[in-house]
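Undergrad: pasting the sequence and the predicted model now:
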Amino acid sequence: MIYTLPKGSYSEKAAKEFLKFLDGEYEIGYCNNIYEIFEKIDRSSLGVVPIENSIEGSVSLTLDLLLEFDVKILAEISLDIHHCLIGYDKEKIKIILSHPQALAQCRKYIKKHGWEVKAVESTIKAVELIEDERYGAIADRDVVKYYKHLKILDENIEDYKNNKTRFILIGYKKVKFKKEFKKYKTSIIFELKEDKPGALYHVLKEFAERGINLTRIESRPSKRRLGTYIFYIDYENGLEVLNSVKKHTTFIKVLGRYPVLVE
Ligand SMILES: O=C(O)C(=O)Cc1ccccc1
């Protein structure tokens, strides 16, 4: 099984993209939300979740769950995301529903129309909640194949061009791909040992001195005390810097070294 968000979701599109590269047969299992995907994955199954968008930034729930669950990141792909307005009659819409990421990527468009906003757990949940012409949803154009009573009322409504979302393949088992890939990334989570000037610099210095390119660095609340953080770093290629980083941290979690299948 490969678990993802509901049929017609962007995450399902990403799961189908991963399956093109994966060795072996997988049935797609549909979950209502990202948390459920992490809960469902076991030693023999995989999951696909969104992790970062070019307009809105990281999917913080995914980042938090990567710390909470012992899953590994096995691969990543980036997909172009073109949002559509789905419903009955654009002129009669009062409330817009969608996943928080989709709402944020269309913030200007929504504000221009003065609509109320309701965040739900997926773009497909949003489409399912369109009770009457007062409601509109932001989702992929293909959803009207599954919800034939609804129409595409507007297209490419995202606020900025080149809107891309990075999706990760997650699981507990090693997977085989149908071909070799050149570009690899490693993702780690760590907490700084000391809260003093230069503490983060000393970690970054370990990468800089080895000429290792960081592709992402982000801090998330530690959830233990206001003002204390954990850090997420993605960097190109290998694991060789980890022993040097470890001495500056209270803990370090290696999420995986994995191929970038589609940029
Ligand atoms: O709800 C979906 O369809 C998802 O896959 C989550 C999402 C929402 C907006 C952009 C990318 C992924």
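TA: Received the coordinates, thanks. Residues are numbered from 1 along each chain as shown.
Undergrad: how about the residues of this structure by the ligand?
TA: Residues of the chain found near the ligand (Cβ under 6 Å from any ligand atom) are 5, 9-11, 50, 53, 81, 99, 101-102, 122-123, 165. (Each C-beta comes from the backbone N, C-alpha and C, glycine too.)
Undergrad: same thing but at 8 Å, please
TA: Within reach of the ligand by Cβ under 8 Å from any ligand atom, the chain has these residues: 4-6, 8-14, 34, 50, 53, 59, 79, 81, 83, 98-99, 101-102, 105, 121-126, 139-140, 165, 167.
Undergrad: so which of those belong to helices?
TA: 10-14, 34, 101-102, 105, 123-126 (DSSP state H).
Undergrad: I'd like those residues as a markdown table, with pLDDT and neighbour count appended.
TA: Listed next are those as a markdown table, based on pLDDT from 0 to 100; neighbours: other Cβ atoms under 10 Å:
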| residue | pLDDT | neighbour count |
| --- | --- | --- |
| Tyr10 | 98 | 27 |
| Ser11 | 98 | 27 |
| Glu12 | 98 | 21 |
| Lys13 | 98 | 20 |
| Ala14 | 98 | 26 |
| Ile34 | 98 | 23 |
| Gln101 | 96 | 25 |
| Ala102 | 97 | 27 |
| Gln105 | 97 | 24 |
| Thr123 | 98 | 27 |
| Ile124 | 98 | 27 |
| Lys125 | 98 | 20 |
| Ala126 | 98 | 25 |
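Undergrad: where exactly do the helices run in this structure?
TA: Using DSSP H, the helices assigned to the chain run over residues 10-21, 34-40, 60-68, 100-105, 107-113, 123-128, 143-146, 199-209, 242-246.
Undergrad: out of those helices, deepest packed?
TA: Highest mean neighbour count among these (mean count of other Cβ atoms under 10 Å): helix 123-128, with a mean of 24.
Undergrad: any residues touching that one, and which ones?
TA: Under the contact criterion Cβ atoms under 8 Å, 6 or more residues apart in numbering, helix 123-128 has outside partners 5-10, 32, 86, 97-99, 102, 118, 120, 137-140, 143, 147, 150.
Undergrad: report the buried members of those residues.
TA: 5-6, 8-10, 86, 97-99, 102, 120, 137-140, 143, 147, 150 (16 or more other Cβ atoms under 10 Å).
Undergrad: quick one on the thing from earlier: nearest to Asn156, of the helices of the chain?
TA: Asn156 lies closest to helix 107-113 among the helices of the chain, at 9.7 Å (Cβ to Cβ).
Undergrad: so how far is the closest one off the chain centroid?
TA: 23 Å (Cα atoms, centre = their mean, to the nearest Å).
Undergrad: got it, and stretch 10-30?
TA: 15 Å.
Undergrad: send the alpha carbons of it over as PDB?
TA: Written as PDB, here are the backbone C-alpha positions of stretch 10-30 (Å, rounded to 0.1, in the frame of the first residue of the first chain):
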ATOM      1  CA  TYR A  10      -2.700  16.900  -5.300                       C
ATOM      2  CA  SER A  11      -1.100  14.400  -2.900                       C
ATOM      3  CA  GLU A  12      -2.700  11.600  -4.900                       C
ATOM      4  CA  LYS A  13      -1.200  13.100  -8.100                       C
ATOM      5  CA  ALA A  14       2.200  13.000  -6.300                       C
ATOM      6  CA  ALA A  15       1.700   9.400  -5.200                       C
ATOM      7  CA  LYS A  16       1.000   8.400  -8.900                       C
ATOM      8  CA  GLU A  17       4.200  10.200  -9.900                       C
ATOM      9  CA  PHE A  18       6.200   8.300  -7.300                       C
ATOM     10  CA  LEU A  19       4.700   5.000  -8.500                       C
ATOM     11  CA  LYS A  20       6.100   5.600 -12.000                       C
ATOM     12  CA  PHE A  21       9.700   5.400 -10.500                       C
ATOM     13  CA  LEU A  22       9.100   2.700  -7.800                       C
ATOM     14  CA  ASP A  23       9.900  -1.000  -8.300                       C
ATOM     15  CA  GLY A  24       7.000  -3.200  -7.200                       C
ATOM     16  CA  GLU A  25       3.300  -3.000  -7.200                       C
ATOM     17  CA  TYR A  26       1.500  -0.700  -4.700                       C
ATOM     18  CA  GLU A  27      -2.200  -0.100  -4.200                       C
ATOM     19  CA  ILE A  28      -3.100   3.500  -3.300                       C
ATOM     20  CA  GLY A  29      -4.800   3.800   0.100                       C
ATOM     21  CA  TYR A  30      -6.700   7.000   0.800                       C
END
